[in-house]
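Enquirer: Please work out how this folds:
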Amino acid sequence: MQQTRNTRRLHRVAAAATALAVLGAPTMAFAQTGLNEGNTSWILTSTALVLFMTLPGLALFYGGLVRSQNVLSVLMHVTVIACLASIVWLAAGYSLAFGDGGGINTMVGSLDKAFLRGVGVDSMSGDIPESVFFMFQLTFAVITPALIVGAFVERMKFAAVLIFTVLWLLFVYAPVTHWVWGGGWLADMGVRDFAGGLVVHTTAGVSALVIAIVLGARKGFPRDIKPPHNPGMTMMGAGMLWVGWFGFNAGSALSAGGGAGMAMTATHLAAAAASLTWMSIEWLRYGKPSLIGLVTGTIAGLATVTPASGYIGPIGGLLCGVAGGFVCYYATQYIKQSLKIDDSLDVFAVHAVGGMLGILLVSFLASEAFQGLGLDMSIAAHFGVQLTGIVATALWSAVLTVIFLTIARALVGIRVSPEEETEGLDITSHGERGYDL
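Expert: Numbering: from 1, shown residues only. From the prediction side, this is the model:
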C-alpha cells in the first residue's frame with residue numbers, strides 16, 4: 001500500500017514537471033542542489049513576520065502615539081517607506097550590502113547584483129534560495145528607515161521624507177549592512193551583531209536624533225504636547241512588533257535549529273523583563289503604571305536583545321531586558337527633559353540606546369558563565385571591537401543624515417508651515433482624515 005502511494009506521488013511530481021516544462025518554466029526547482037527545505041520554510045516564515053512588524057505593527061504603534069489629526073500621515077509615511085525601500089533594495093541596496101565590492105569590498109559591495117542580475121530560481125545563499133535571502137534582508141531594509149518616522153511625526157514634509165529615505169538607504173543603511181553582515185571591515189574585526197543592534201537600531205536611532213535637532217521641536221514642546229490619542233492602537237502595534245520580532249531575531253540564525261530556538265527564547269524573555277522594568281520605574285515615580293510605558297518598555301527590551309540574541313542564553317535575555325528597560329527609560333527622560341530635544345516618539349532613546357547597549361552587553365553575556373556561546377577573544381578586547389563598531393556606525397549615520405537633510409531642504413524644504421502643523425498633516429498633506437467626528 002505504501003509503495004503504491006509513493007508510486008502515485010512520483011507520477012504526480014513527474015506530471016507537474018512535464019506540465020511546467022511545456023509552459024517553459026524551469027524544472028530545476030524540483031531538485032535544487034544543496035537546498036534545505038526546513039531552513040527555507042523557516043526563513044520564508046520569518047520574512048513574513050518581519051514585514052508584519054512594519055505593516056501593520058510599527059504603523060499602528062506610531063499611529064496611536066500622535067495627535068488624531070496626524071494618525072493617517074504616520075500610517076502613510078510608514079507604508080510608503082515600505083514600498084519605496086523595496087524598490088531601492090532591488091535596484092541597488094541588496095547589491096551594495098551583500099555584493100562583492102572588489103578592491104573596496106571592506107567598505108561597500110558592488111552593483112553586480114543590481115536588480116538581482118544573475119539571480120535565478122536555482123541561485124543559492126548557503127542552503128536557502130538567494131531569492132529568499134534577498135526577501136528576508138529586504139524586510140530589514142524596510143523597517144529600518146520606517147523606525148526614523150517616530151522622530152519627525154507631525155511636522156516633516158512628505159516629499160522630504162521620500163528624498164531622505166532613498167538617500168539614507170543607499171548611503172547609510174546599505175554600507176553599514178556590508179560592514180557588519182556583508183564581509184566588510186567591522187566583520188573582519190570581529191564585531192558581533194546578530195540581528196541589527198548596529199545595522200538597524202543604531203543607524204536609525206542616531207539619524208532620528210539628528211533629524212529631531214535639525215527639524216526643530218513641535219509647537220508647544222515640551223510643556224504643551226498632546227498625549228497619545230489612541231493607546232489601544234499603540235498596544236496592538238506593540239503586540240505585532242513583539243510577535244514579528246521572533247522572525248527578526250530567530251530568523252537571523254538562517255536555519256531552523258537550536259540556535260533559532262534559543263534566539264527566540266532570549267528575545268521573548270528580554271521583552272517581558274524590560275516591560276516590567278519600565279512599568280515598575282514609572283509606577284514608583286508617578287504612582288500609576290501606564291499602558292504606553294509598559295509597551296515602550298517592550299520595544300526597548302527587544303531592541304536591546306537584538307544584537308545579542310544569537311549569542312546568549314535565557315539568563316542573558318533576562319539581563320538584557322532589565323538593563324534595556326532601565327537604561328532606555330532614563331534615556332528618554334534625559335533627551336526630552338534635560339536636552340530639550342523633541343525626538344517625538346523616542347526613537348534614539350529606545351532604539352539607538354537599546355541597540356548600542358545590547359552591542360556592548362554581547363561582550364559579557366556571550367560568555368559561558370551566562371550560558372552564552374563564548375567569545376574568540378578576551379572580554380576586554382571584544383568590548384573594544386564592539387565599541388569601535390558603535391562609534392563608526394553612529395558617526396557615519398549622523399554626518400550623512402545632515403548632508404541628506406541639506407539636500408532635501410534645498411530641493412523641497414523639510415518642515416511644513418505652522419498653519420499646516422496646527423491643522424494636522426492628515427488633511428493638509430494627504431487630503432484625508434483619520435476620524436470623522
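Enquirer: which residues of this protein score low on pLDDT?
Expert: 1-32, 102-104 (pLDDT under 70).
Enquirer: State the distance from the closest residue to M53 other than its chain neighbours to V350.
Expert: What sits nearest to M53 in space, not counting adjacent residues and going by Cβ to Cβ, 6 or more residues apart in numbering, is G244, at 3.4 Å. C-beta: built from backbone N, CA, C; applies to glycine. Note on G244: its distance to V350, by Cβ to Cβ, to the nearest Å, is 16 Å.
Enquirer: So for those two, which residue has more residues nearby?
Expert: Set side by side, G244 and V350 show more neighbours around V350, with 32 against 24, by other Cβ atoms under 10 Å.
Enquirer: if I read this right, the more buried one contacts T332, doesn't it?
Expert: Yes - counting by Cβ atoms under 8 Å, V350 touches T332, with 7.1 Å between them.
Enquirer: Grab the nearest non-local neighbour of G424.
Expert: Excluding its sequence neighbours, the residue lying closest to G424 (Cβ to Cβ, 6+ apart) is Q69, at 2.4 Å.
Enquirer: My reading is that L395 is in a helix; is that accurate?
Expert: Yes - according to DSSP: H, G, I helix; E, B strand; the rest coil, L395 belongs to a helix.
Enquirer: and the gap between it and V206?
Expert: To V206, L395 is 9 Å away according to Cβ to Cβ.
Enquirer: So between those two, which is more surrounded?
Expert: When neighbours are counted by other Cβ under 10 Å, L395 and V206 differ, and V206 comes out ahead with 27 against 11.
Enquirer: so who does that one touch?
Expert: 348, 352, 393-394, 397-398, 401 (Cβ atoms under 8 Å, 6 or more residues apart in numbering).
Enquirer: returning to that earlier point: intersection of neighbour lists for V350 and T332?
Expert: Common neighbours of V350 and T332, using Cβ under 8 Å, 6+ apart, are T296.
Enquirer: and the closest residue in space to V295 that isn't next to it in sequence, what does it touch?
Expert: Computed as Cβ to Cβ, 6+ apart, the closest residue to V295 that is not its neighbour in sequence is A238, at 3.7 Å. Neighbouring residues of A238 by Cβ under 8 Å, 6+ apart: 57, 61, 295-296, 298-299.
Enquirer: Give the burial count for the residue nearest to G424, as a bare number.
Expert: The tally of other residues near Q69 (other Cβ under 10 Å) stands at 21.
Enquirer: next one: L400
Expert: Here the count is done by other Cβ under 10 Å, and L400 has 18 residues near it.
Enquirer: Can you mark which positions in the one helix or strand T234 maps to are buried?
Expert: Using DSSP states H and E, T234 sits in helix 231-250. Judged by neighbour count using 16 or more other Cβ atoms under 10 Å, the buried positions of helix 231-250 are 231, 233-238, 240-242, 244-250.
Enquirer: distance between that helix and the chain's centre?
Expert: Taking Cα atoms, centre = their mean, to the nearest Å, the mean C-alpha location of helix 231-250 is offset from the chain mean by 12 Å.
Enquirer: which is the next helix or strand following that helix?
Expert: With elements assigned by DSSP H and E, the helix or strand that comes after helix 231-250 is helix 258-286.
Enquirer: The helix or strand just after that next one: which residues count as buried?
Expert: Downstream of helix 258-286, the next assigned helix or strand under DSSP H and E is helix 291-305. Buried residues in helix 291-305, counted by 16+ other Cβ under 10 Å: 292-305.
Enquirer: In contact with D376, which residues?
Expert: Counting by Cβ under 8 Å, 6+ apart, D376 touches G190.
Enquirer: go again using 10 Å as the cut-off
Expert: Contact partners of D376, counting by Cβ atoms under 10 Å, 6 or more residues apart in numbering, are 190, 192, 382.
Enquirer: among the residues you listed, which are in helices?
Expert: Per DSSP state H, helices hold the following members of those: H382.
Enquirer: Closest one of the contacts of D376 to G257?
Expert: R192 (18.7 Å; Cβ to Cβ).
Enquirer: ok, back up a step: in a helix, the residue nearest to G424, correct?
Expert: Yes - Q69: assigned to a helix according to three-state DSSP.
Enquirer: In contact with it, which residues are there?
Expert: Going by Cβ under 10 Å, 6+ apart, Q69 touches 154, 226, 229, 421-428, 433-435.
Enquirer: Among these, name the buried ones.
Expert: Neighbour counting over the contacts of Q69 (16+ other Cβ under 10 Å) leaves 154, 229, 421, 424-428, 434 as the buried ones.
Enquirer: In JSON lines: the residues you listed, plus distance to G34 and secondary structure.
Expert: Formatted as JSON lines, these follow (distance: Cβ to Cβ, whole Å; DSSP: H, G, I helix; E, B strand; the rest coil):
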{"residue": "E154", "distance to G34": "50", "secondary structure": "coil"}
{"residue": "H229", "distance to G34": "52", "secondary structure": "coil"}
{"residue": "E421", "distance to G34": "55", "secondary structure": "helix"}
{"residue": "G424", "distance to G34": "54", "secondary structure": "coil"}
{"residue": "L425", "distance to G34": "50", "secondary structure": "helix"}
{"residue": "D426", "distance to G34": "50", "secondary structure": "helix"}
{"residue": "I427", "distance to G34": "54", "secondary structure": "helix"}
{"residue": "T428", "distance to G34": "54", "secondary structure": "helix"}
{"residue": "G434", "distance to G34": "49", "secondary structure": "coil"}
